[in-house]
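*Asks:* fold the stuff below for me.
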Amino acid sequence: MANKKGNRLIIPIILAVIIAICIGGYFGYSFISNDINGNQQYEGEYNLYVTDNMSQYDVSQRLYNNGIVVSDAVWSSWMDKHYPDYQFTAGEFLLKNNMSYDDIAKKLTTPDVSHKSVSVCIPEGYNIFDIATALEENGICSGADFLNECKNTQGYDYSFIKEIPNKDTIAYPLEGFLFPATYDFEENTSAKDVVNQMLSAFADRISDSWKDYCTANNMSLYDLVTLASVVEKETLGEGVAENIASVFVNRLNAGQQLQSDVTIDYGNALRANGFSDNVVTSYNTYKCSALPSGPICNPGVANIDAVVNHNDTKYFYFFSYNNGADFFFTDSYTEFSAKWEQLKHTNTN
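*Replies:* Numbers count the residues shown, from 1 in each chain. The predicted model follows:
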């Protein structure tokens, strides 16, 4: 009798469990189905930021953690079935939790804000205005935002930043340290992030020979880069930078002005961008006593090295001829003037 009674109790329990499983399965299926079809009852949204080469796992985790899908596993399985070769597009996407999985998949092909990677070449000798134009033309950031960001040194943790003087006559304190290279930037990157990448690239190139030269010649790294920027803009061909650097080093050691025309060009660019005569004049090496207020472009490693390893000459004068293909160097102003009169006609540009 006891066994029969026990069996009668077990059967209802089993039935109850089966019914519960069926009900749970139904509601579970309904819950997942509503999520797949975008029929969630509550409202929510999330701005998803996708970078290049982000995996489906990374995306599914972000969607799940921010309430856009109720299960990262279900989302991944659904994507594997319906979009097996799906490639995510870099950018920012505003997603809502009442979007269907198909809506989400289609949305992720067209970002609200693109962050596609773009290769941007910043050549040696580009000044800050050249860089701003290149960045804006490639959709990286606003040129105006970039220029504004380069007016201060706050928020950048590099040792060389501390050597930049705090003077009102310096137009752009970060000019000279925006290392020329080819960068892979993302579209719509903040100007500060762009500047930080360029400063980081410069920091990686600082050598012991640069530091030793500065110490031996009682210069700051800022002075070295400033001088190298003038050499950079004066150097039109190969094999002359060390001689050009020697001319300027000789003039500085003799207490003479640099008298470099390229510094006037930079001053004119500053004036065109609203800087005062006081700032413009401080970059004019026909008017300032020695180095200009700061770098006039962003020199490459080769021309910083050219200053550090400049030739030991007695040259004080030079000019280019044959449209910059050749250079003449001398220690005599009389010889310089005579040679200039003889060869100046070869410069036709």
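*Asks:* three-state assignment of the closest residue to A245 other than its chain neighbours?
*Replies:* Leaving aside its chain neighbours, A245 sits nearest to H310 (3.7 Å; criterion: Cβ to Cβ, 6 or more residues apart in numbering). Where you see a C-beta, it was placed from the backbone N, CA and C, and this is true even at glycine. Under DSSP: H, G, I helix; E, B strand; the rest coil, the three-state class of H310 is coil.
*Asks:* contacting residues for H310?
*Replies:* Listed by Cβ atoms under 8 Å, 6 or more residues apart in numbering, the contact set of H310 reads E242, N243, A245, S246, V249.
*Asks:* just put those in TSV and tack on pLDDT, neighbour count and distance to D305.
*Replies:* Formatted as TSV, the contacts of H310 follow (pLDDT from 0 to 100; neighbours: other Cβ atoms under 10 Å; distance: Cβ to Cβ, whole Å):
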residue	pLDDT	neighbour count	distance to D305
E242	96	19	9
N243	96	18	14
A245	97	26	9
S246	97	22	13
V249	97	19	14
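*Asks:* what are the neighbouring residues in contact with K107?
*Replies:* With contacts defined as Cβ under 8 Å, 6+ apart, the neighbours of K107 are F93, L95, M99.
*Asks:* the helix or strand hosting the first one: which residues count as buried?
*Replies:* The one in question is F93. Under the criterion of DSSP states H and E, F93 resides in strand 91-96. Across strand 91-96, burial judged by 16 or more other Cβ atoms under 10 Å covers G91, F93, L95, K96.
*Asks:* between those residues, which is closest to A181?
*Replies:* Nearest to A181, judged by Cβ to Cβ, of those is G91 at 24.7 Å.
*Asks:* measure the closest one to M219 for me?
*Replies:* Counting by Cβ to Cβ, to the nearest Å, the separation of G91 from M219 is 45 Å.
*Asks:* burial count for F160?
*Replies:* By other Cβ atoms under 10 Å, the residues close to F160 number 19.
*Asks:* what's the answer for N347, then?
*Replies:* Around N347 sit 13 other residues, with neighbours defined as other Cβ under 10 Å.
*Asks:* please name the residues that touch it.
*Replies:* S320, Y321, N322, N323, G324.
*Asks:* ok, the second one to L135 distance?
*Replies:* Going back to what we said before, that points to Y321. Distance, Y321 to L135, by Cβ to Cβ: 35 Å.
*Asks:* name the residue in those two with the higher neighbour count.
*Replies:* Of the pair Y321 and L135, L135 is the one with more neighbours under other Cβ under 10 Å, namely 25 against 17.
*Asks:* secondary structure element for that one?
*Replies:* Here L135 is assigned to helix 128-137, by DSSP H and E.
*Asks:* for that helix, the distance to its chain's centre please.
*Replies:* On the basis of Cα atoms, centre = their mean, to the nearest Å, helix 128-137 sits 11 Å off its chain's mean C-alpha point.
*Asks:* okay, the helix or strand immediately after it in the chain in PDB with CA atoms only?
*Replies:* Next helix or strand after helix 128-137 toward the C-terminus (DSSP H and E): helix 143-149. This file holds the C-alpha atoms of helix 143-149, laid out as PDB (Å, rounded to 0.1, in the frame of the first residue of the first chain):
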ATOM      1  CA  GLY A 143      41.800  72.300 -38.200                       C
ATOM      2  CA  ALA A 144      40.700  75.100 -35.900                       C
ATOM      3  CA  ASP A 145      40.400  72.600 -33.000                       C
ATOM      4  CA  PHE A 146      43.900  71.300 -33.700                       C
ATOM      5  CA  LEU A 147      45.400  74.800 -33.800                       C
ATOM      6  CA  ASN A 148      43.700  75.700 -30.600                       C
ATOM      7  CA  GLU A 149      44.900  72.600 -28.900                       C
END
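*Asks:* helices or strands next to helix 143-149 in the packing?
*Replies:* Packed against helix 143-149 by the contact rule (3 or more Cβ pairs under 8 Å, 6 or more residues apart in numbering; DSSP states H and E) you find helix 128-137, helix 191-205.
*Asks:* hmm, who's touching the first one?
*Replies:* Identification of contacts with helix 128-137 by Cβ under 8 Å, 6+ apart yields 120-122, 126, 141-144, 146-147, 150, 172, 174-175, 178, 185, 194, 269, 273, 298.
*Asks:* weed out the non-buried ones from the residues you listed.
*Replies:* Counted by 16+ other Cβ under 10 Å, the contacts of helix 128-137 give 120, 122, 126, 141-143, 146-147, 150, 172, 174-175, 178, 185, 194, 269, 298 as buried.
*Asks:* tell me how far the spatially most central residue of the chain lies from G274.
*Replies:* Geometric centre of the chain, nearest residue: V194, 2.8 Å, by Cα atoms, centre = their mean. Distance of V194 to G274, given as Cβ to Cβ: 22 Å.
*Asks:* Provide a list of residues in contact with D72.
*Replies:* Shown in contact with D72 (Cβ under 8 Å, 6+ apart): S60, Q61, L63, Y64.
*Asks:* tell me the phi and psi of the closest residue to the second one other than its chain neighbours?
*Replies:* Meaning Q61. In this structure, Q61 finds its nearest non-sequential neighbour in D72, 5.7 Å apart by Cβ to Cβ, 6+ apart. Backbone torsions of D72, given as degrees, to the nearest 10, read phi -70, psi -30.
*Asks:* kindly state the pLDDT recorded for D72?
*Replies:* Listed pLDDT for D72 reads 90.
*Asks:* just the strands in the stretch 151-300 of the chain please.
*Replies:* Ranges of strands in the stretch 151-300 of the chain, per DSSP state E, counting those that start in this stretch, are 182-186.
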